[in-house]
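Enquirer: here is a sequence together with a model predicted from it:
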Amino acid sequence: MKAAESRVLLTGANGGIGQVVAATLAGAGASVMLAGRSPARLSAQARTLQQSLPAAQVDWHEVDRQRNDAIASLAKQAAKWRCNVVIHCAGVAEFGRFDAADPDRMSSVLQTNLLAPMVLTQALLPHLRGLPRAQVICVGSVLGAMGLPGFTVYCASKFGLRGFAQALRRELADTSVRVQYLGPRSTRTPFNSSDVAHYNQATGTAMDAPDRVAQALLRMLEAGTAERFLGFPEKLGVRINGLMPSLLDGAFHKHRASLPLLLRTSTHCPIEEMNNAH
Ligand SMILES: NC(=O)c1ccc[n+]([C@@H]2O[C@H](COP(=O)([O-])OP(=O)(O)OC[C@H]3O[C@@H](n4cnc5c(N)ncnc54)[C@H](OP(=O)(O)O)[C@@H]3O)[C@@H](O)[C@H]2O)c1
């Protein structure tokens, strides 16, 4: 769909990538509804966009993706606003050894990165299906198609998101709704901690500017591309991993060596608790 015809609900609009995406889409003529957690930051962002692009139509709505009732209310507002494109850009990072991962944090990563886009898409589908054309674009990651040491929980969420996007695209193939997946590689935003920056440096992983992701999203919106990954050698890695994952299993020594040493000290281990109770 042409940018000028699109009315985009953008989640994660206040984020490092989201801010550039919002400006890029509005600059290309799209109307944008910014969604995020902080009303103060959203209204300031909407004001700034409106000042720099007086013709742009910019709205905003608060949402906490940890809460399904907040997601339902966002869907209602977006339908009323006549949105015809949803870009799921909100997401949280999780990096470190799996031994150190906190189970509560695992749930919250899966809720934000995977369940929230599913729940929001489902709530908006009756509205989107009634339109002559609509698009749902999931911002995943290269790590939704290639498992990396240190990113087990994050990879689980983004592999899930990619599976969701692919299955739903096929399920809706004879409707007006197109479902797409963009997999950026590492991108310079506050998303990446200093530990990740160190890991990237030690493993020779390149980082893109958020503008690269924004331009790719604009192209995907206009071309309707089903799935796209950014960066080389990441694209090649995704291809090989898809065909023969075991070929790559031995290629991550440097990545393992670059993981933070920290192990979780206070453990809540359900199996141990069950054993102790008997
Ligand atoms: N940066 C990278 O290296 C990279 C690489 C590949 C893919 N990605 C993906 O690109 C997307 C954007 O990443 P980014 O770099 O822009 O990250 P970011 O700067 O950390 O921004 C993340 C956004 O997600 C929102 N968010 C997080 N938890 C939320 C919640 N519970 N409810 C509502 N919103 C929530 C944040 O909202 P608030 O503004 O309210 O905090 C923020 O706007 C993510 O899906 C990420 O997985 C990033």
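Expert: The structure has been received and is ready for your questions.
Enquirer: tell me how far the ends of stretch 130-142 are from each other?
Expert: End-to-end span of stretch 130-142 (CA to CA, to the nearest Å): 32 Å.
Enquirer: what comes up buried for that stretch?
Expert: By neighbour count on 16 or more other CB atoms under 10 Å, the buried set for stretch 130-142 is Leu131, Ala134, Gln135, Val136, Ile137, Cys138, Val139, Gly140, Ser141, Val142. For glycine as for every other residue, the C-beta is placed from the backbone atoms N, C-alpha and C.
Enquirer: what about the nearest residue to the second one once chain neighbours are set aside, how many residues nearby?
Expert: Among residues not flanking Ala134 along the chain, Leu128 sits closest, at 3.9 Å (CB to CB, 6 or more residues apart in numbering). Leu128 sits with 23 neighbouring residues when counted by other CB atoms under 10 Å.
Enquirer: secondary structure element holding Leu128?
Expert: Using DSSP states H and E, Leu128 sits in helix 116-129.
Enquirer: and that helix, what does it pack against?
Expert: Identification of packing neighbours for helix 116-129 by 3 or more CB pairs under 8 Å, 6 or more residues apart in numbering; DSSP states H and E yields strand 7-11, helix 68-80, strand 85-88, strand 134-139, helix 152-171, strand 177-183.
Enquirer: pick the most buried one from the ones you listed.
Expert: Most buried of the helices and strands packed on helix 116-129, by mean neighbour count (mean count of other CB atoms under 10 Å): strand 85-88, with a mean of 28.
Enquirer: give me the angle between whatever helix or strand comes next after it and helix 116-129.
Expert: Proceeding N to C from strand 85-88, the next assigned helix or strand is helix 103-110, under DSSP H and E. Helix 103-110 and helix 116-129 are oriented at 20 degrees to each other (axes from the mean of the first three to the mean of the last three CA atoms, to 10 degrees).
Enquirer: just want the angle from helix 103-110 to helix 152-171.
Expert: Using the same axes, to 10 degrees: helix 103-110 against helix 152-171 is 30 degrees.
Enquirer: show me which positions of helix 103-110 end up buried.
Expert: Judged by neighbour count using 16+ other CB under 10 Å, the buried positions of helix 103-110 are Met106, Ser108, Val109, Leu110.
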